[in-house]
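# all I have is the shape, not the residue letters:
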């Protein structure tokens, strides 16, 4: 059901914290006084029965499904009982890895099923279903599992169509089941610290006028996948789930029928963060993009949806307009992926990658009080931040200082329009677990307590993000600014 190749997770992702990083992280995360309930193991003891085990099944055994499985290793209350995928080449290794790598969460064998229908029909003891299939199957598979009385965790993007995403909201409403969407940043303690403490409580950046997000990937990340010899799926089984052939099954992200394109695959994470941080949806959107590289020529893959997209969103907030720029590129991996929020008093750069974890205070701002006490929001960086290449240490001879010739002296004077250097800080909260782990734990907690209000990304919230993302195609097609209405976000 998921055709992505299985990737072996980095051992560092599964390594528990050393004492120093544990103390730094645990002390700092307590700052919100209950804010990080969904990511704290102590919350399990306080709000749920310690002997309540949720029997879980994974539908979709590709890269994302295995990432969820690996991320669940330190999540209390999970027992893996089954996996399902129409491709036994992916399914059987996942079942075996689950039995071995997640053995502390397995009691006996891990059952294998070819289809979700077979799984739901034969494995009646399942409490939770994790869906990590191609996007177009999220809606029908979620409905099947919800109607069977299961709690559901569906990967993002909710769907490759707004209609499919809308049906997911309706299925959740109709069944009343616990239904989480995989926008995992909502449960990440670093992002929660930024949202709840830095932005809302301390208002350290003042009025936020702009924000920026990007996810850039190089061309090597989008090479076509071939079919391993002798591992074809029968044409009838492929056709049952809408695939025309194995090539489409393996490379489903290239096709509009199966996926939402790179703006959905990658942009969904970060555009969702704009909505979540501001607690509202945008007023307008202007987007541009196209199939700039993957046009099928000269041996390149052929994408049906734009491979490069740039968007500008406008958020009309009480304090004034905030504009958010987002880009997804598949032709360069330069600078990777991160988000940045810029205000009149300071700015912050953050990412799931620990590379970006910095704040910068504008001149005259004293943030020292937010770095004091047992639960600081920010910390002074361990090392000085170097922003300019000529500030790096070097072995070669430094150039002689300029002479006092008036013309040369003028060249050495900084432009008076330049801003003064900003004071660097680090965000105080770290995450020493796989990025998906807190979100999986939040879902399991909600399912154990049967409290949908405990979820950090319920289906109706994710639907609004889905609309925000997919309407970029309307703007690209028309060449005009798109104006959102309340009806756009209503179900």
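Received, thanks. This one's a predicted model, so the numbers in the text were calculated from it and none came from an experiment.
# list the residues that contact residue 138.
By CB atoms under 8 Å, 6 or more residues apart in numbering, the contact list for residue 138 reads 131, 154-155, 157-159, 164, 168. Every C-beta, even on glycine, is put in place using the N, C-alpha and C of the backbone.
# and these as a markdown table, adding distance to residue 436, neighbour count and pLDDT?
Output for those, formatted as a markdown table (distance: CB to CB, whole Å; neighbours: other CB atoms under 10 Å; pLDDT from 0 to 100):
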| residue | distance to residue 436 | neighbour count | pLDDT |
| --- | --- | --- | --- |
| 131 | 14 | 28 | 98 |
| 154 | 13 | 30 | 98 |
| 155 | 10 | 23 | 98 |
| 157 | 15 | 30 | 95 |
| 158 | 16 | 32 | 96 |
| 159 | 20 | 27 | 98 |
| 164 | 23 | 20 | 98 |
| 168 | 20 | 28 | 98 |
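# just those now: which is nearest residue 237?
Nearest to residue 237 among the contacts of residue 138, counting by CB to CB, is residue 131 at 18.4 Å.
# contact partners for the closest one?
The neighbours of residue 131, taking CB under 8 Å, 6+ apart as the test, are 59-60, 137-138, 141-142, 145, 152-155.
# hmm, try it at 10 Å
Contacts for residue 131 (CB atoms under 10 Å, 6 or more residues apart in numbering) come out as 1-2, 57-60, 64-65, 68, 84, 116, 137-142, 144-145, 152-155, 182.
# make a PyMOL selection of the buried ones in those residues.
A single PyMOL command suffices to select whichever of the contacts of residue 131 are buried according to 16 or more other CB atoms under 10 Å:
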select buried, resi 1+2+57+58+59+60+64+65+68+84+116+137+138+139+140+141+142+144+145+152+153+154+155+182
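# confidence score at the closest residue to residue 135 other than its chain neighbours?
Sequence neighbours aside, residue 160 is the residue nearest to residue 135 in space, at 4.3 Å (criterion: CB to CB, 6 or more residues apart in numbering). The predicted structure scores residue 160 at 98 on the pLDDT scale.
# can you tell me the element residue 160 falls in?
Under the assignment given by DSSP states H and E, residue 160 is not contained in any helix or strand.
# so it sits against residue 136, correct?
Yes. Using CB atoms under 10 Å as the test, residue 160 is close enough to residue 136 to be in contact (5.2 Å).
# what is in contact with these two at once?
Overlap of the contact sets of residue 160 and residue 136 (by CB under 10 Å, 6+ apart) consists of 252, 255-260.
# which of those residues are buried, as a ChimeraX select command?
To isolate the buried subset of the shared contacts of residue 160 and residue 136 in ChimeraX, counting by 16+ other CB under 10 Å, use the following:
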select :252,255,258,259,260
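# adding secondary structure and distance to residue 285, write the shared contacts of residue 160 and residue 136 out as TSV.
Written out in TSV, the entries for these read as follows (DSSP: H, G, I helix; E, B strand; the rest coil; distance: CB to CB, whole Å):
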residue	secondary structure	distance to residue 285
252	helix	26
255	coil	24
256	coil	19
257	coil	24
258	coil	24
259	coil	20
260	coil	15
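# I'd like the shared contacts of residue 160 and residue 136 as a markdown table, with distance to residue 352 and pLDDT appended.
Converted to a markdown table, those look like this (distance: CB to CB, whole Å; pLDDT from 0 to 100):
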| residue | distance to residue 352 | pLDDT |
| --- | --- | --- |
| 252 | 24 | 97 |
| 255 | 27 | 97 |
| 256 | 27 | 97 |
| 257 | 29 | 97 |
| 258 | 25 | 98 |
| 259 | 21 | 98 |
| 260 | 20 | 97 |
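# now, which of the shared contacts of residue 160 and residue 136 sits nearest residue 211?
When these are compared for distance to residue 211 (CB to CB), residue 260 wins out at 22.0 Å.
# pull up the gap between that closest one and residue 266, please.
With the distance defined as CB to CB, to the nearest Å, residue 260 ends up 10 Å from residue 266.
# which ones are touching residue 69?
With contact taken as CB under 10 Å, 6+ apart, residue 69 is in contact with 9, 56, 58, 61, 78, 80, 83, 94, 97-98, 101-102, 105, 130, 132, 436, 440.
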